[in-house]
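Asks: The sequence and its predicted three-dimensional model are supplied below.
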Amino acid sequence: MRPSSRHLTPTRCVLLALLCNSPVHAQTAVQGAIMEKLVGSDERVPCAPLPGAGSLKGALCSEVAGHPAMSTRPRPTFPLEYREWIEIAPSTYFNIWNSSVARYPVYLSKFLGRDDLTLVTVAGAGASVPTAVTQRGGALTPANEARAAGATRGAGYTSAKDVRTLATIGQTGKSATVTLSGQTLAVTVGQRAARLNGKPVTLQGAPFMLYGQVYYPVGLFKLLGCTVTPVVNEAGVASAMDVTCLVGGQPRTALVESWVF
């Protein structure tokens, strides 16, 4: 049963646990809040071994009918470490939730013969990471991959797909033009130097290409006259941007993912 508005919400429980309870109870409260955030449920089921998983130390589990909202790609407002879920075994996926307190391994596992049912597991902070993930190597985390591909450290980036929600992109090789409301920004992959309507400008970060996808600095929206407002998640990280631009003379707003590498 969910608590009524007069009872403690999961967030309040977390705060009280951190202030008043032992570290074990505090951790369990954080895991419960993560679980509810992920699947909108505070119901619990016994945890079972997961194929390919490391230690499930202190894990909390929940069964969810249907596909969780973030079964393949995390929402931009969730402070998850990997942009895509990592498959560690057939039908079992892994990510890490970065709370303001610690890092919690998270698993999604589809039940064999039950495509409509998913087991969601939030392991305790300090639980081991699956071997399939550690074998990828620390150099293969999204941040290090992006920097190796040319991302500017500390700059915010978004994908070409998100840029296209508001602007038009024309690309030839490493050169691209981003057009919005009569303005054209000419950029080159690997370079911060750009030209806005023919005049030189400097981008917040150099565009880079990773696995065939070009990533653009979020700051290009400001150069094109848009307003950009950070959307801060519960970990205090601006993992998305609320961008409003004039498109066809009318304001249009889009939630744009933002990654800092």
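Replies: In hand now; what should we look at?
Asks: mind listing the strands for the stretch 101-250 of the chain?
Replies: Counting by DSSP state E, counting those that start in this stretch, the stretch 101-250 of the chain has strands at residues 103-111, 114-122, 156-159, 168-172, 175-180, 183-188, 193-196, 199-202, 208-210, 213-217, 227-232, 238-247, 250-257.
Asks: what mean pLDDT does the first one have?
Replies: What that stands for is strand 103-111. Mean pLDDT, computed over strand 103-111, is 86.
Asks: Partner strands of that strand, with direction?
Replies: Looking at strand 103-111 with DSSP bridges, its partner strands are strand 92-98 (antiparallel), strand 114-122 (antiparallel).
Asks: Equivalent analysis for the longest one, please.
Replies: Partner strands and pairing direction for strand 238-247 (DSSP bridges) are strand 227-232 (antiparallel), strand 250-257 (antiparallel).
Asks: which residues are in contact with the last one?
Replies: Counting by Cβ atoms under 8 Å, 6 or more residues apart in numbering, strand 250-257 makes contact with 76, 158-159, 162-163, 165-166, 218, 221, 231, 239-246, all of which sit outside it. For every residue, glycine as well, the C-beta is placed using N, CA and C.
Asks: List only buried entries from those.
Replies: Buried members of the contacts of strand 250-257, counted by 16 or more other Cβ atoms under 10 Å: 76, 158-159, 162-163, 166, 218, 221, 231, 239-241, 243, 245.
Asks: out of the residues you listed, who's nearest Val120?
Replies: Nearest to Val120 among the buried ones among the contacts of strand 250-257, counting by Cβ to Cβ, is Pro76 at 19.4 Å.
Asks: How is the protein divided into domains?
Replies: 10-136, 150-260 (automatic domain parsing).
Asks: which residues does Ala65 bridge with?
Replies: Taking DSSP bridges as the rule, Ala65 bridges to Leu117.
Asks: go on, Thr172?
Replies: Ser175.
Asks: returning to what we had before: could you dump the strands of the stretch 101-250 of the chain into CSV and include distance to Gln27?
Replies: Shown next, in CSV, are the strands of the stretch 101-250 of the chain (distance: least, Cβ to Cβ, whole Å):
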stretch, distance to Gln27
strand 103-111, 8
strand 114-122, 10
strand 156-159, 31
strand 168-172, 45
strand 175-180, 45
strand 183-188, 45
strand 193-196, 47
strand 199-202, 45
strand 208-210, 35
strand 213-217, 35
strand 227-232, 24
strand 238-247, 23
strand 250-257, 29
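Asks: mind checking which of those strands is nearest Arg147?
Replies: Nearest to Arg147, of all these, is strand 208-210, at 8.7 Å by Cβ to Cβ.
Asks: The closest one: partners in the sheet, and parallel or antiparallel?
Replies: In the sheet, strand 208-210 lines up with strand 213-217 (antiparallel) (DSSP bridges).
Asks: For Phe94, find the nearest of the strands paired with strand 238-247.
Replies: Across the strands paired with strand 238-247, closest to Phe94 is strand 250-257 (Cβ to Cβ), at 20.3 Å.
Asks: The closest one to strand 175-180, inter-axis angle?
Replies: Calculated by axes from the mean of the first three to the mean of the last three Cα atoms, to 10 degrees, strand 250-257 forms an angle of 130 degrees with strand 175-180.
Asks: Quick one: distance of strand 250-257 to the chain centre.
Replies: For strand 250-257, the separation from the chain centroid amounts to 18 Å (computed by Cα atoms, centre = their mean, to the nearest Å).
Asks: do stretch 96-110 as well
Replies: From the chain centre to the centre of stretch 96-110 is a distance of 12 Å (Cα atoms, centre = their mean).
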